Each structure stands twice: as structure tokens, then as C-alpha cells.
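> Got a sequence here, can you build the structure:
(one chain, ligands or ions: 1)
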Amino acid sequence: MDLGSHPTFESHDDGTVLTSAPQDAPVDRATAAARRVVDAMLRTDRANANLDRVAEELNSIADHLEEHAPAVAERLIDMWNGEGVTRHDPVTGPENAIAPPIVLEGLSDGSVRGEVTLTMPYQGPPGCVHGGVSALILDHVLGVANAWGGQAGMTAQLNVRYHRPTPLFEPLTVTGRQMSVEGRKINTVGSITTADGEVCVSVEGLFIDAAVPRPR
Ligand SMILES: CCCCCCCC/C=C\CCCCCCCC(=O)SCCNC(=O)CCNC(=O)[C@H](O)C(C)(C)COP(=O)(O)OP(=O)(O)OC[C@H]1O[C@@H](n2cnc3c(N)ncnc32)[C@H](O)[C@@H]1OP(=O)(O)O
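Take a look at the predicted model:
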């Protein structure tokens, strides 16, 4: 899978930042505000907050953004050619309000690593992370681990084991590592652990090196 050049690398003492750390660009600031709105919407007092006004103002913001939206095909070309591949995805993308977003580093031992504290929008069981959200995060982290390992691919299988509930509101460490490459088949593992080192979720993924054409 051709990932092309990656315009957002930065060298750090600990490793190499593989994803796009949020910057002070207007789009990053606007997306961070949208993320804050999603979180606050779940926390606010339904009886006392003026939600009619909130709906009106948010719809007016959406109207403005949609008025300035190019055709989807054009937008996809910009995303994949101009802006860098790590700015829009739902796990690390600073421009994607759905993303926490997680900053991932590639370490010299071949693994990738990031830290994240997840909040209300990612809830599954009471006070805990939704299992599908953990799977989403790990699928992506394994994908980045493959890129860091030198051969990337499409997810063909993801085997997820939930060892214990994953807490919200606590720092979590997410890791991934490419284990082997046999022809087009890539085996990759990863986990989500608490600050105490307890493994909450572990995954084994099979990825297949497959060409996905970039929009042009
Ligand atoms: C220098 C550092 C750089 C760092 C840069 C950092 C930046 C990183 C940037 C960006 C990271 C991005 C991270 C993204 C991560 C997201 C991942 C996703 O969400 S991927 C979307 C979900 N997955 C799909 O939609 C796939 C759908 N499936 C398919 O397209 C096909 O089935 C595919 C490509 C998986 C395989 O299809 P075929 O036609 O190419 O190949 P066939 O011939 O079927 O299989 C090849 C071999 O693999 C086995 N195989 C295929 N699928 C299998 C499966 N599910 N289970 C077991 N084996 C399977 C087959 O049995 C065959 O094996 P035999 O060669 O015969 O031994």
C-alpha cells in the first residue's frame, strides 16, 4: 500500500511523531471547539442549558461550513494529495472532531505508542470505553505500526480480546507493533493499558498489502 511521503514528521527525543499533532491552525482550533461541544453536550444539564439556542447557533455554523464545501470528489483529492494522510482520520486526525485525537510516536524498537484519556463521547458500559471504540483505535494504531514497520496494508482480520473494562477519564497507553511479514500477509499486535500497566484490550491483526488508489 503506497502511503506516499509523509509531510508531518517531527523528530523528538523519544521517537518520531507519525501523526499530525494539533497545531494552532484555524481548522485545528475549530475542530477542537467542535470536539468540546460534543463532549459538553453529553455533560450539560438538560433542564437548565438553553438547548434551543444551542441548536440554532450550531445549525447556523453548519450552514456556513456547508456553503463553503467543495464537491466531495474535489475534497478527497485535497485530503489525499495536499494535506497529509494523518490529518483527517477518526483516531489521530486533528481535523476530525470524532478523533480524540491521539498523537502516535514511532519508537526505535519498531513499535508505535500514544497516550490518550477518553471521555463521555466514547462511553460504552458505565464509566468505561465502548468496545467498538477500542477496536477502532487499535485497528488504526496497528495500521500506523505497519507503516512504521515498512509495509502497510488493509485490515483483513482483527481479533480483539477485552481483558477488563477500559476506564474513561484516565490516561491510557496505546501501542502497536508489526510482528511478521510473509508475502502480502502482515501480522501486527497491539494493546490498550492503564497507567498501572493493566492490559484492558489486546489485538492481533492480519493485514494484506493491497494497493488502494489515491483520489486524483
Ligand atoms: C516511514 C514511516 C511512515 C509512517 C507513516 C505513518 C502514517 C500512517 C498513515 C496511515 C496509516 C493508516 C492506517 C489505517 C488503518 C486503517 C485500516 C483500515 O481500516 S482498512 C479498511 C478495512 N479493511 C477493508 O476494507 C479490507 C476489505 N478487504 C479487501 O479489500 C480484500 O479482501 C483484501 C485486500 C484484504 C484482500 O484481497 P485481495 O484480493 O487483495 O487478496 P486475496 O487474494 O483475497 O488474499 C491474499 C491472501 O490473504 C489471505 N486473506 C485475505 N483475507 C483474509 C482474511 N480475512 N483472513 C485470512 N486470510 C485472508 C488470502 O487467503 C490470500 O492468502 P494466500 O495468498 O492464498 O495464502
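
> Name the helix or strand for whatever residue of the chain ends up closest to the ligand, please.
Nearest residue of the chain to the ligand, counting by CB to the nearest ligand atom: Gly143, 2.4 Å away. (Each C-beta comes from the backbone N, C-alpha and C, glycine too.) Take DSSP states H and E as the rule and Gly143 turns out to sit in helix 131-149.

> if we can go back for a sec, and the closest residue to the residue of the chain closest to the ligand other than its chain neighbours, what pLDDT?
Of all residues not flanking Gly143 in the chain, Ala152 sits nearest, at 6.6 Å (CB to CB, 6 or more residues apart in numbering). In the predicted model, Ala152 carries a pLDDT score of 93.

> Tell me the strands beside the longest strand anywhere in the chain, with direction?
Looking across the chain with DSSP state E, the single longest strand is strand 171-182. In the sheet, strand 171-182 lines up against strand 111-117 (antiparallel), strand 185-194 (antiparallel) (DSSP bridges).

> tilt between the last one and helix 131-149?
Read that as strand 185-194. For strand 185-194 against helix 131-149, the angle by axes from the mean of the first three to the mean of the last three CA atoms, to 10 degrees is 120 degrees.

> now His163: how far from Ser202?
His163 is 7 Å from Ser202, where distance means CB to CB, to the nearest Å.

> what about those two, which has more around it?
A direct count of neighbours by other CB atoms under 10 Å for His163 and Ser202 places Ser202 higher, at 17 against 13.

> got a list of what the more buried one touches?
When contacts are counted by CB atoms under 8 Å, 6 or more residues apart in numbering, Ser202 touches Val160, Arg161, His163, Val189, Gly190, Ser191, Ile192.

> which stretches of the protein form strands?
Using DSSP E, strands in the chain cover 10-11, 16-17, 105-106, 111-117, 154-162, 171-182, 185-194, 199-208.

> Export the fourth one to CSV, keeping only CA atoms.
In this case it means strand 111-117. This file holds the C-alpha atoms of strand 111-117, laid out as CSV (Å, rounded to 0.1, in the frame of the first residue of the first chain):
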residue,chain,number,x,y,z
SER,A,111,6.7,-0.1,17.9
VAL,A,112,4.3,2.8,17.9
ARG,A,113,2.9,4.4,21.0
GLY,A,114,0.4,7.0,22.1
GLU,A,115,-1.4,8.2,25.2
VAL,A,116,-5.0,9.2,25.5
THR,A,117,-7.6,10.0,28.1
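
> buried ones in that strand?
Ser111, Val112, Arg113, Gly114, Val116 (16 or more other CB atoms under 10 Å).

> how about these in CSV, adding pLDDT and distance to the ligand?
CSV is the format used below for the buried residues of strand 111-117 (pLDDT from 0 to 100; distance: CB to the nearest ligand atom, whole Å):
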residue, pLDDT, distance to the ligand
Ser111, 96, 13
Val112, 97, 8
Arg113, 97, 13
Gly114, 97, 12
Val116, 98, 16
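
> which one of the residues you listed is nearest Met179?
Ser111 (10.4 Å; CB to CB).
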